[in-house]
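Colleague: Make a model of this:
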Amino acid sequence: MNRRSLLSMATAAGLSLAPFSRLQSVRAQADQGNFILAVDGEKIKVVINGDTQEVRFIGVDAPEMSKGDNSTECFARDARDYLNTVLAGQVVRLEADVEDKDKKDRLWRYVWAYVDGVEVLLNEQVVALGLATSQIEEKNTKYQAKLQAAEQSAKSAKLGLWGSCKSAHDEIPRYGSADAPAQWGERIDADGVAVTPSDAFLSYDYAYSQPKSGYVYLIFTALVENVGGGKKGYSSGRFLAKDMSRDVEHKETFLLFDQGLGTGDLSQGSYVSGNVAIELQEGATNLRIKYQVNAIGGPSLYWLLQL
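Modeller: Coordinates of the predicted model:
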């Protein structure tokens, strides 16, 4: 979701969008957190006094980013991207209700942030924009009436998921999955890892090596980022190319060359960039490139590449 479409949605709902530029990043107090990233439309990660915490919005039910390896829920990406846009660089205020944490030991809070110079309740904001629905809580009810009113307003105006999805939790193919590959060069992510491929070309002679007869090297650059928490592994060996015309798969080819992507671990917020080589049959022009996010199991990322 780009900024123009976000602004249109916010205007239709009578809400603000642009982050408060004068808000300074300061060391968070007990009821504040330095924003890191949005997990989805109802969960964010913040740093509180040096510790990274996951915060869940009270009274909000947002579409899920992942429903297995190849599926997501309608408008999940839009909701996450909205929070990442408006909260970038901000210190958010965290207001508790009766219960301190949810069943998964995440902080359960009303989240306040500055938007257009005014402090707003983000729980209400995402519901009013149709990026999430309200959820009745048994004990945490301080702003329940506001959240339910926001949902009715968004629903009546057919904002967000109410105008684009079959239901509040409409399952669709995840963008960047095998069923809905991204376009070459696009940055996509899963499980806290974002990958951007670029600069693809074919070569019969690369890094003092030649492919076997009837084959050619596909060389491209990959940028891998840790956009989640903890350490994330990466490896050029997790790339695979499928010739869609012939239904043949080709794995990454090990070459000793400068600026190779290689293998390693990334700390939170860090990235690595390097080259990847895959040996293909000659004549391959319609490829689907796959990157397995985790060493064993878990989601994979896919792109279409036309040569």
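Colleague: Can you say which helix or strand has the residue nearest to the spatial centre of the chain in it?
Modeller: Nearest to the geometric centre of the chain sits D189, at 5.2 Å (C-alpha atoms, centre = their mean). Using DSSP states H and E, D189 sits within strand 188-190.
Colleague: Output the contacting helices and strands for that strand.
Modeller: Secondary-structure packing of strand 188-190 (3 or more C-beta pairs under 8 Å, 6 or more residues apart in numbering; DSSP states H and E): strand 193-203, strand 300-306. No exception for glycine: its C-beta is placed from N, CA and C like everyone else's.
Colleague: Columns mean neighbour count, distance to V293 and mean pLDDT on top of those strands, output as TSV?
Modeller: Formatted as TSV, those follow (neighbours: other C-beta atoms under 10 Å; distance: least, C-beta to C-beta, whole Å; pLDDT from 0 to 100):
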stretch	mean neighbour count	distance to V293	mean pLDDT
strand 193-203	17	5	95
strand 300-306	19	6	95
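Colleague: I44: which of these is closest?
Modeller: For the helices and strands packed on strand 188-190, the distance to I44 is smallest for strand 193-203, at 16.9 Å, taking C-beta to C-beta.
Colleague: strand partners of the closest one, parallel vs antiparallel please.
Modeller: strand 188-190 (antiparallel), strand 215-226 (antiparallel) (DSSP bridges).
Colleague: Those: which one's closest to G160?
Modeller: Nearest to G160 among these is strand 188-190; the distance by C-beta to C-beta comes to 21.3 Å.
Colleague: Go ahead and name everything in contact with the closest one.
Modeller: The contact list for strand 188-190, computed with C-beta atoms under 8 Å, 6 or more residues apart in numbering, reads 66, 174-176, 182, 194-195, 225, 227, 293, 298-301, 303.
Colleague: Quick check: chain neighbours aside, which residue is closest to Y206?
Modeller: Leaving aside its sequence neighbours, Y206 sits nearest to Y217 (C-beta to C-beta, 6 or more residues apart in numbering; 5.1 Å).
Colleague: residues in contact with that neighbour?
Modeller: Contact partners of Y217, counting by C-beta under 8 Å, 6+ apart, are 202-204, 206, 209, 211, 253, 255, 277-280.
Colleague: which residue sits farthest out from the middle of the protein?
Modeller: What lies farthest from the middle of the chain is S213; by C-alpha atoms, centre = their mean that is 40.9 Å.
Colleague: distance of that one from S245?
Modeller: When distance is defined by C-beta to C-beta, to the nearest Å, S213 is 20 Å away from S245.
Colleague: got the helices and strands packed on strand 188-190 as a markdown table, with distance to K146 columns?
Modeller: Output for those, formatted as a markdown table (distance: least, C-beta to C-beta, whole Å):
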| stretch | distance to K146 |
| --- | --- |
| strand 193-203 | 34 |
| strand 300-306 | 38 |
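Colleague: just so I know, which of those lies nearest S270?
Modeller: S270 lies closest to strand 193-203 among these, at 11.5 Å (C-beta to C-beta).
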